[in-house]
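Undergrad: coordinates only, sequence not included:
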């Protein structure tokens, strides 16, 4: 039995076998287009965890204070 899949980039039918060098993609070009989409964050794995807005604000405030302290230490030297 021959397994066939569609290229995720262009929907061309690809035979899933060891001879299919770029599987599941049909060619190197489609593989690189997909890689570029991941690098540009066009594709993401969704994070289902809830965001605690109060905690996020507190964390950002703490980071800001830490950076201010580092800047002050830098300019004292």
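TA: Looks like it came in fine. Given the structure is predicted, the values throughout are model-derived calculations rather than measurements.
Undergrad: which residues of the chain fall in strands?
TA: Counting by DSSP state E, the chain has strands at residues 4-6, 13-15.
Undergrad: Just checking: what are the partner strands of the first one?
TA: Strand 4-6 has its sheet partners listed here by DSSP bridges as strand 13-15 (antiparallel).
Undergrad: What is the burial count for the nearest residue to residue 43 once chain neighbours are set aside?
TA: Of all residues not flanking residue 43 in the chain, residue 37 sits nearest, at 5.2 Å (Cβ to Cβ, 6 or more residues apart in numbering). Every C-beta, even on glycine, is put in place using the N, C-alpha and C of the backbone. As a burial measure, residue 37 scores 13 neighbours (other Cβ atoms under 10 Å).
Undergrad: Can you tell me which of the strands of the chain is nearest to residue 45?
TA: Residue 45 lies closest, by Cβ to Cβ, to one member of the strands of the chain: strand 4-6, at 20.4 Å.
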